[in-house]
Structures are given as C-alpha cells and as structure tokens.
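Participant: Got a predicted structure here, sequence first:
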Amino acid sequence: MKYRTRRRAALLAIASGSIALSAAQAAPLTEVPNPNPKLAGVSAPTLLSPELRQSAVAEGAVRLENPTTGFEFYGFSSDGPHLPVPGALPGTSGPIEATKTEPDKNTYLVLRSLRGADPNYDYGTHFLFQGHENAAGGKGYLTRVNLDADGEHRVTLLASADANGASLPLIDGSTWDPWNRRLLFTAEGDGANTGGVWQATPSAPGIVNDLLGIFGRGGFEGIQTDPDGNIWIVEDIGGATIDGARVANSFIYRFMPRNRTDLTKGGKLQALQVMKLDGSGPIVFNATNALTPEAKSLHTYGNVFETRWVTVHDTDVDGSVVFNANALAKAKQATPFKRPENGQFRPGTQFREFFFDETGDTNATTTAGSDFGGFGGVLKLVQSSPSAASGRLSLLFRGDAQHTAFDNVAFWDANHVVFVEDRGDTLHAQENALDSAWLLDVRRNYANVSNQPLRILAQGRDGLATLDSQFLGMSGFQNDGDNELTGIHVSDGSAGLDGLLGAKIPRPFEDGWRVFYTQQHGENVTWEILPTAMPRGDSDDDRRW
C-alpha cells in the first residue's frame, strides 16, 4: 500500500472514531521512519505520525499571571535574558542567558471553581499542572496552565514555597491523588539530603506540605496512585560507574497509607524485592560490579521472577523523622534497577499489571550493553491486586542503541504504551539521533527481532536549544543543550477514582481524552497532541492541511 494511501486510511479511521484498532489489526499509528539527526548549528522540527499534529499550550516566554522575584516566566528564571546578546559567550561574569526551568511531568485535571491571582476571572475547568525540574539557585516552583484562559491568565504560579515558607526543591514527577484531593510532586534527589514527596492543593495560591517524614528522602520521580490508595514511586538515582557501566542503584516503592484520605497520618513504605531464578535469595545491591549474573538474568527474555514487597519504613514503628529511603531499601535487601524513572498500570487489568522502565547508562560505550541493561528496557510486574504482597516480574522489552533511555510513559489504549526517550546530549552525539517516542504493544514477544517498537514522534530541536548545544560544556554555562522529550500524558482529566491512570481504557481525542508532552530545554514548550485535520479534496495531490 502506498504511503499516502496508508495515511489517508489512518485519517479516515480517526474521523470514524476508531484510532485504537482491534487486536487483529496493526498498531494504531503510522511509524515515523527515522529520528532527527543531531547537526551542529541546525534546528529541526518535531516529526509526528501522520495521524497526529501538535499545538503549543504554554511556552517558556509566557509571563506568569502572578510573577514574583525570581519566578516571572513559565520556562525561564529571572537571572538573565532569554536570548544571549550578540557575541556573548559563557564566562565568569554571570550567566549569558536565563536558566531554563524545564517544566516536567504533566498532570491534566478537569476541576471546577479553581482560584487564581485574579479573583474576578473565570479560569475555566481544564488545567495542566507541572513542577519545574530546574531553576536558578536550585529553587523549584509549581505552575498551573489554565487551558481555557486568555494569554494574561494562561499560566499561574501555584507555589514556590511550602506552608512553612521553605523554598520548594526542583520537581520531577507529579500525579493526582483523588483520595486526599491533592497533587503529589516528587523531587529527584540523592536520598541522603535531597529528594522526596510534596503534596499541594490545586487552587492558587497552592498550599504545599512536605511529606519527608512519611516517604523519606529518595531519588523519586515517577509517582502513581492505585484504587486501594497506595502510592507507587519509581526512583532514579544513578549508580557509580564500575569498569564502564553503572551499577543498579534505584528502587521501586509502594507506600501503603494508614489513612488514604490523609497521607500525613503515615503508613508503610515498601520496596520491591526480586528473587533469584534458582530461589537462593533476593537480587540485592552490588556496589562493585554492574555485570553480575543477576543483572543479565533480569534483562533476559523469558525469565519470570518471583517478587515480594519488603517494608523499609513504618511510621507506627519508626516514627516520622526524615530518613534515607534508598539506604533503607538496600539494607532491607530490596532489588535495585538501572535508573528506572516512570511506571504506569495497564488499563483494563484492575491494576494487576504495572509496567516500568529503566533509562540505563545513557552512553553508547557502556560495557553493560543490552545484555546487562546498559540501554535500559521495560519491565512488567504482575500481581493479584495492587496491594498484594507478592507477584511476578518479567522483561517486556530490552533496550538497545536504537531504543534506549526510556523516561516518561503513558498508555495509549489497552494494549499500546508510549515510552519517550531522554538520551541526553552525549548519546545524541554518539548515535547522531535526537530523542524519540516509542509505541510498544504489550502483547508482543520482543524476543523476536522482527517485532520492534514503533516510533510515533521524532523530537526536533528548537532555535534556543540549538544555540545552547553549542555552548554546552563551556565554563560558566548553566543550561542543557538539546531539547528533551518528557511529560507524555494521556488522560481524560477526571479527578475522581475513575480518573486514576489505569482505571479506564484511554481513548485519545474522544470523550474528553487529551494527550500532552513537554519539549524541555531551549524554548521549553508544552504541547498538546491532536489528530491531524481531515484533508480536503478527493485526490492525494489536491489536499490542504
């Protein structure tokens, strides 16, 4: 079938309301053949499957409706100009451009009667919440994109300090907890002195409380709530590099609250423990070797591991003094993974299947290769219920140089899940490829090399990121280079229990389901993905888009 014919058929499927195809049919989107190459001094547009287009909902230069000192714009700190003056080069006299704040994980909600800075303005009902992963001075903030609002009221500064006046940290993950009607935000730290979980109200000004004595310190990133009220957290702390590969150093956590409507009441923090195939004991942290037999077995197709949850902290027993969750997970012999960053429950499974990724080493020269998880992958945890004490773990997909550095995740429908890459500038240069978004079919056997993920988005590079990539590595330059693909999010915005990610089978572009992602760095644009407009005209050569 010719490409144009395939494209037209796919567009007709969207128009008829059947973008999610049956199990007997192919994947619901058409492949983007290649990634965008990394070319010095050359910007590039983002390429999407022909069934898709994108529209900006917020960008870095948007002025906050309620700016404060240091926090004036959606995606820029106030420590420099948005664009360097002609001829300026990084040096020691201060930043030549503003620090990019990097809005990260998206959480979409439909809520009524939310307040903003203007008491006389109707902010509508559709909102996108984000924490910012970077900012000048290491002080983070939370924003709310008011999707129904005009330009002056488009983005609200939700909070930059907690209820006690302490500055917020840099934020990575976010989700909505319908049980206590709070947003949950995570900070990716080292586990010893930084990182943790914060909760915030959705109206402005947001009331923010830290939960450090409840969840502890950790490299927390991905966060999800299940229907039992448990909070699942995926940790990302890069381990030491030993003989050319990073040791696995991060854990999967589950917090079981004492009172699911009030997380401040405490509960049990647990970490996932994976048993060795021979039953001789758990797979545990190894500080001196990244190339262990256990690491290889975890990344071998067909292996199925028994799992159980081990309690690392219980507020009823241990109190609410701030603790190091990562260190306790190691002490309790939980199983570390190679930089897992995000996870999500598969819709239609009653929260019995949880898929999470590993980013891997983000370096093409890793001695771990694919066999030992050097390029990351996707793992599948199956339990009888989300609160079950045990389960089974297996490998869905083993990463390689072409499919690697998986970060954010969102289910597209019951059987297809999107993982987006965060390769970083080093791997971009090594493989001459910018980031991609991959569609995986969870029913496929990826041990068969003829089965491959489908690229549905090839991240481009905007003008500011192109400039920054040339400054990267120069003394005194504080920003990242190439754009990063992050924050993929598919939701109908329901704030009730039925809005938990995994509770309903997604229907992108139908019945209120919307798709968002963020193009971090550079211009810091957050996009909404939409279906391509139906072409006009009867022939393939006579169409306007």
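Facilitator: Nice, thanks for sending it over.
Participant: What is the burial count for the residue nearest to residue 48 when sequence neighbours are not counted?
Facilitator: Closest residue in space to residue 48, ignoring its immediate chain neighbours: residue 457 at 5.2 Å, by Cβ to Cβ, 6 or more residues apart in numbering. No exception for glycine: its C-beta is placed from N, CA and C like everyone else's. By other Cβ atoms under 10 Å, 27 other residues sit near residue 457.
Participant: Can you report how many residues neighbour residue 520?
Facilitator: Applying other Cβ under 10 Å, we find 30 residues neighbouring residue 520.
Participant: longest strand in this protein, by residue count?
Facilitator: When the chain is parsed with DSSP state E, its longest strand is strand 304-314.
Participant: Okay, helices next: where are they in the chain?
Facilitator: 3-15, 212-215, 293-298, 315-318, 325-331, 424-431, 463-471 (DSSP state H).
Participant: center of this structure - which residue?
Facilitator: By Cα atoms, centre = their mean, the chain has its centre lying nearest to residue 408, at 2.8 Å.
Participant: residue contacts, it?
Facilitator: By Cβ atoms under 8 Å, 6 or more residues apart in numbering, residue 408 lies in contact with 105, 222, 341, 342, 419, 420, 485, 486, 487, 488, 489, 517.
Participant: again, only this time at 6 Å
Facilitator: Residue 408 is in contact with 342, 420, 486, 487, 488, counting by Cβ atoms under 6 Å, 6 or more residues apart in numbering.
Participant: So what's the residue count around the nearest residue to the first one once chain neighbours are set aside?
Facilitator: Closest residue in space to residue 342, ignoring its immediate chain neighbours: residue 222 at 3.4 Å, by Cβ to Cβ, 6+ apart. Using other Cβ under 10 Å, the number of residues around residue 222 comes to 27.
Participant: beta partners of residue 222?
Facilitator: residue 234 (DSSP bridges).
Participant: pretty sure residue 381 contacts residue 394?
Facilitator: No: with contact defined as Cβ atoms under 6 Å, residue 381 does not count as touching residue 394 (8.5 Å).
Participant: Between the two, tell me which one has more neighbours.
Facilitator: Neighbour tally, residue 381 and residue 394, criterion other Cβ under 10 Å: the higher count belongs to residue 381, 21 against 15.
Participant: low-scoring stretches of this structure, by residue?
Facilitator: Residue ranges of the chain with pLDDT under 70: 1-27, 534-545.
Participant: ok, back up a step: could you point out which of the helices of the chain sits nearest residue 173?
Facilitator: Residue 173 lies closest to helix 212-215 among those, at 12.1 Å (Cβ to Cβ).
Participant: still on that earlier bit, pairing-wise in the sheet, spell out the partners of the residue nearest to residue 48.
Facilitator: Residue 457 has these beta-bridge partners by DSSP bridges: residue 48, residue 437.
Participant: ok, it to residue 81 distance?
Facilitator: 31 Å (Cβ to Cβ, to the nearest Å).
Participant: Same question for residue 341.
Facilitator: 32 Å.
Participant: neighbour-wise, which of those two wins?
Facilitator: Between residue 341 and residue 81, counted using other Cβ under 10 Å, the more crowded position is residue 341 (29 against 12).
Participant: okay but that one is in contact with residue 221, surely?
Facilitator: Yes: the criterion here is Cβ under 6 Å, and residue 341 meets it with residue 221 at 5.1 Å.
Participant: Which neighbours do these two have in common?
Facilitator: The overlap between the contact sets of residue 341 and residue 221 (Cβ under 6 Å, 6+ apart) consists of residue 236.
Participant: sorry, back to before: how about the helices of the chain, which one is nearest residue 97?
Facilitator: helix 463-471 (7.9 Å).
Participant: just how off-centre is that closest one within its chain?
Facilitator: In terms of Cα atoms, centre = their mean, to the nearest Å, the gap separating the centre of helix 463-471 from the centre of its chain is 23 Å.
Participant: For that helix, buried residues please.
Facilitator: Under the neighbour-count criterion of 16 or more other Cβ atoms under 10 Å, helix 463-471 has 464, 465, 466, 467, 468, 469, 471 buried.
Participant: just stretch 421-439 next, same as before
Facilitator: Neighbour counts using 16+ other Cβ under 10 Å place 421-425, 427-431, 433-439 of stretch 421-439 among the buried residues.
Participant: Okay, the residue lying closest to residue 509 once chain neighbours are set aside and residue 265: tell me how far apart.
Facilitator: Of all residues not flanking residue 509 in the chain, residue 531 sits nearest, at 4.9 Å (Cβ to Cβ, 6+ apart). As judged by Cβ to Cβ, residue 531 and residue 265 stand 44 Å apart.
Participant: So between these two, which is more surrounded?
Facilitator: residue 531 (18 against 15).
Participant: Show me what the more buried one is bridged to.
Facilitator: In this entry, residue 531 is beta-bridged to residue 52, by DSSP bridges.
Participant: That one contacts residue 507, correct?
Facilitator: No: using Cβ under 6 Å, residue 531 makes no contact with residue 507, being 11.8 Å away.
Participant: give the contact list for residue 319.
Facilitator: For residue 319, the contact set (Cβ under 6 Å, 6+ apart) is empty.
Participant: Look up how far residue 264 lies from it.
Facilitator: Here residue 319 is placed at a distance of 14 Å from residue 264 (Cβ to Cβ).
Participant: Give the residues shared as contacts by these two.
Facilitator: When Cβ under 6 Å, 6+ apart defines a contact, no residue borders residue 319 and residue 264 alike.
Participant: which stretches of the stretch 401-545 of the chain form strands?
Facilitator: Using DSSP state E, counting those that start in this stretch, the strands of the stretch 401-545 of the chain run over 406-411, 416-421, 436-441, 454-458, 484-491, 514-520, 525-531.
Participant: Any idea how far apart the tips of stretch 293-312 sit?
Facilitator: Using Cα to Cα, to the nearest Å, the end-to-end distance of stretch 293-312 comes to 26 Å.
Participant: What residues of it count as buried?
Facilitator: For stretch 293-312, the neighbour count (16+ other Cβ under 10 Å) marks 294, 295, 297, 298, 299, 305, 307, 309, 310, 311, 312 as buried.
Participant: before we move on, what about stretch 520-536?
Facilitator: Neighbour counts over stretch 520-536 (16+ other Cβ under 10 Å) mark 520-529, 531-532, 535 as buried.
Participant: And for stretch 94-105?
Facilitator: Quick answer for stretch 94-105 (16+ other Cβ under 10 Å): 95, 96, 97, 98, 99, 100, 101, 102, 103, 104, 105.
Participant: Show me those that map onto strands.
Facilitator: Judged by DSSP E, strands contain none of the buried residues of stretch 94-105.
Participant: Residue 411 pairs with what?
Facilitator: Where residue 411 sits in a bridge, its partners, by DSSP bridges, are residue 417.
Participant: give the contact list for it.
Facilitator: Residue 411 neighbours (Cβ under 6 Å, 6+ apart): 344, 347, 417, 506.
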